[in-house]
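Enquirer: Give the three-dimensional model of this entry:
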Amino acid sequence: MQSTLAGQLTRFTHLLQKELFPILEGEVGGLGETAKRVVQVLAMVPLRRFVRVSSGWNGRPAQDRYAIACAFVAKAVYQFSTTRHLIERLQSDAQLRSICGWKRREDLPHESTFSRAFAEFAAMELPQFVHEALIVETQKGRLIGHISRDSTAIEAREHFPEVIQRDKKKTLPKASRKGAKNQMKRKKKRLRPATRLQRQGEMKLAAMLAELPRKCSIGTKTSSKGHQHYWRGYKLHLDVADGQGPISAVLTGASLHDSQLAIPLATMTAQRVTSLYDLMDAAYDASEIHAHSRSLGHVPIINPAHRGRKTNNVIAPGKPKRQFSEAEEQRFQERTTVERVNARIKDDFGGRTIRVRGPVKVMAHLMFGILALTVEQLMRLTQ
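Expert: Predicted coordinates for the structure are as follows:
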């Protein structure tokens, strides 16, 4: 009989407490709480499956990429703001150095080697593959109740490409205005091109993701009190299970609307886990998103959006806003899970200290933190 995930995690915790921690403490001394968290994450994530331990080639040997990958996981757990800070800690902390895989201080690579290794990990999407493998292995055969979907602002220190503005339309003479009006009427009769949401319904996941803008841009969000917040950088879009950490993650430019990620995220999550309900706020209230959620066998619970027409700065009533049933209202309260995860990524796993540039490296930086967060959320099932 196959054991449950909680039973497997309980045995894993027992193995850590009774066997692994005592062996490590006998070699490197007593482990602090943060060091134990690093050991716990490294013991659970399948890093060795995707990173070579040694080069195995003749000539000048490459530095151990597995140890460097472990160090970047430790960087997220310890919340080191820069790689230089991480290296300084590895030089002074023999315990952390031993946990990552270096016996002597002289064995530590140069800072440039850490930078090259991080660029390799980002290009090969190492933390994304490791996170996907962790989710598939731990959630296999389980039924998840709710998937909460939302995005969070990721501020970055980089320039964004300038938008080339079109030349203003020249004023037409009176004689040609009548012809211009007739031309505009003919253009209105033409069929409008399909929107991205409409195209996504017929596209595969790889094509959907390739179409999304990822470069740094200016984003804006309106708070519940009506205040607008602007930032330069990116958006991290997440699908989160009930109290069990992130299931899927995608990074895009800050200017992209949240609704454009609903269908790709839902498709990605459905390939990894089995769930019942999709919980989203009013930004995702679109007929295409509702239809796609139902096509996956899910029940969409999306906060209805009020779409009144705005005329002379006065919002017309429009259609009445649909109200949740009592059962939908109770289930929708579970959506706060994704908001708590967004806050933890920023506060506890380096989401506010982005020092790399470019969407590929920024995503790798965030995913090392998401890896650690996912393990911690899974281990809470044993408590």
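
Enquirer: Secondary structure element holding the closest residue to residue 276 other than its chain neighbours?
Expert: Ranked by Cβ to Cβ, 6 or more residues apart in numbering and with sequence neighbours excluded, the top spatial neighbour of residue 276 is residue 145, at 5.6 Å. In this view, the C-beta of every residue, glycine as well, is placed from N, C-alpha and C. Assessed by DSSP states H and E, residue 145 sits inside strand 143-155.

Enquirer: Against which helices or strands is that strand packed?
Expert: Other helices and strands packing on strand 143-155, by 3 or more Cβ pairs under 8 Å, 6 or more residues apart in numbering; DSSP states H and E, are strand 228-241, strand 246-253, helix 262-272, strand 274-280, helix 336-348.

Enquirer: what about the strands in this structure?
Expert: Secondary structure of the chain (DSSP state E): strands at 143-155, 217-222, 228-241, 246-253, 274-280, 299-302, 310-311, 314-315.

Enquirer: thinking residue 101 is in contact with residue 69, fair?
Expert: No: counting by Cβ atoms under 8 Å, residue 69 is not a contact partner of residue 101; they are 9.5 Å apart.

Enquirer: The two: which is more packed in?
Expert: Taking other Cβ atoms under 10 Å, residue 101 and residue 69 do not tie; residue 69 has more neighbours (26 against 16).

Enquirer: My guess is that one contacts residue 47. True?
Expert: Yes: if you go by Cβ under 8 Å, residue 69 and residue 47 touch, sitting 5.5 Å apart.

Enquirer: and the closest residue to residue 199 other than its chain neighbours, how far is that from residue 205?
Expert: With Cβ to Cβ, 6+ apart as the criterion, residue 199 has its nearest non-adjacent residue at 7.9 Å, and that residue is residue 211. Remark: distance between residue 211 and residue 205 (Cβ to Cβ, to the nearest Å) = 11 Å.

Enquirer: Enumerate every residue touching the residue nearest to residue 276.
Expert: If you count contacts by Cβ atoms under 8 Å, 6 or more residues apart in numbering, residue 145 has them with 242, 275, 276, 277, 334.

Enquirer: Equivalent analysis for residue 68, please.
Expert: 109, 113, 114, 117, 118.

Enquirer: Check the gap between it and residue 222 for me.
Expert: Distance, residue 68 to residue 222, by Cβ to Cβ: 41 Å.

Enquirer: Which residues are in contact with the residue nearest to residue 196 when sequence neighbours are not counted?
Expert: Spatially, and ignoring its direct neighbours in sequence, residue 196 is nearest to residue 260 (5.6 Å; Cβ to Cβ, 6+ apart). Going by Cβ under 8 Å, 6+ apart, residue 260 touches 196, 197, 212, 252.

Enquirer: Near the nearest residue to residue 101 once chain neighbours are set aside, how many residues? Count them for me, please.
Expert: With Cβ to Cβ, 6+ apart as the criterion, residue 101 has its nearest non-adjacent residue at 3.5 Å, and that residue is residue 67. Residue 67 is flanked by 20 other residues according to other Cβ under 10 Å.
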